[in-house]
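>>> the sequence and its predicted three-dimensional model are supplied below.
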Amino acid sequence: MRDRGMLQRTSNDNRRWIRALLLAILPVVATSILGQLATYPNIESWYATLAKPIFNPPNWVFAPVWTTLYVLMAYAAWRLLSMPASTPGRSTALILFFIQLALNALWSWMFFAMQSPVAGLVNIIVQIGFILATIAQTWRVEKTAALCLVPLAVWVSFAAVLNFAVWYLN
């Protein structure tokens with residue numbers, strides 16, 4: 001009788017773990033795919049024609065950087081989603097996380113698909129605010145998850161400077 005209860009709890013825990021994993025990974029993968037759909041068709045046809053600052057990284061740098069950042073984002077989201085729903089601050093951290101993720105996907109469409117560095121710049125400034133708010137709120141709830149988002153804040157801040165320079169030069 002006792003073993004059956006343990007098996008049921010383990011089964012429920014496994015379902016919760018898998019659900020949290022899917023809720024963390026699927027939106028991040030969708031964001032990556034949506035970004036690629038807007039970006040890749042415009043790299044050679046439009047982005048290559050723009051004047052860029054001297055500190056612009058080569059195109060091959062972006063894929064491994066973003067892959068790493070997306071893995072860290074999914075892991076951070078999974079850590080938050082794995083916590084009990086009643087954890088104070090968890091819901092706020094997740095709302096902020098998913099808002100910054102949506103802004104991340106939208107940036108590629110604004111900058112590349114719309115071919116508008118100024119629209120991308122407006123987005124990325126707001127995006128940085130949400131990333132920083134996400135880190136601050138997540139720090140109160142789950143420090144490891146917050147630390148996983150720091151590289152994102154650094155890279156997106158660099159991307160904002162790059163975005164500004166591209167807008168200014170063109």
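Good, I have the coordinates. Numbering: from 1, shown residues only.
>>> buried residues in the helix or strand harbouring residue 147?
In the assignment (DSSP states H and E), residue 147 maps to helix 143-169. Under the neighbour-count criterion of 16 or more other Cβ atoms under 10 Å, helix 143-169 has 145-146, 148-149, 152-153, 155-156, 159-160, 162-167 buried. For the C-beta atoms, the positions are set from N, CA and C on the backbone; glycine is no exception.
>>> show me which of those residues is closest to residue 117.
Checking these against residue 117 by Cβ to Cβ gives residue 167 as the nearest, at 3.7 Å.
>>> skipping adjacent residues, who's closest to that closest one in space?
By the measure of Cβ to Cβ, 6 or more residues apart in numbering, the closest residue to residue 167 outside its immediate chain neighbours is residue 117, 3.7 Å from it.
>>> report the contact partners of the one you found.
For residue 117, the contacting residues are 50, 111, 163, 166-167, 170, by Cβ atoms under 8 Å, 6 or more residues apart in numbering.
>>> what is the burial count for residue 15?
10 (other Cβ atoms under 10 Å).
>>> what segments of this protein are strands?
Applying DSSP state E to the chain gives no strands.
>>> can you pull up the most central residue in it?
Per Cα atoms, centre = their mean, the C-alpha nearest to the average position across the chain is that of residue 101, at 4.5 Å.
>>> mind checking pLDDT for the nearest residue to that one once chain neighbours are set aside?
Of all residues not flanking residue 101 in the chain, residue 31 sits nearest, at 5.4 Å (Cβ to Cβ, 6+ apart). pLDDT, residue 31: 97.
>>> which residues sit in contact with the residue nearest to residue 69 when sequence neighbours are not counted?
Leaving aside its chain neighbours, residue 69 sits nearest to residue 152 (5.1 Å; criterion: Cβ to Cβ, 6+ apart). Going by Cβ under 8 Å, 6+ apart, residue 152 touches 69, 72-73, 131.
>>> which pair in these spans the largest distance?
Greatest spatial distance among those (Cβ to Cβ): 72 and 131, at 12.0 Å.
>>> which residue of the two possesses the greater neighbour count?
residue 131 (27 against 18).
>>> surely that one meets residue 101?
No: using Cβ atoms under 8 Å, residue 131 is not in contact with residue 101, being 9.7 Å away.
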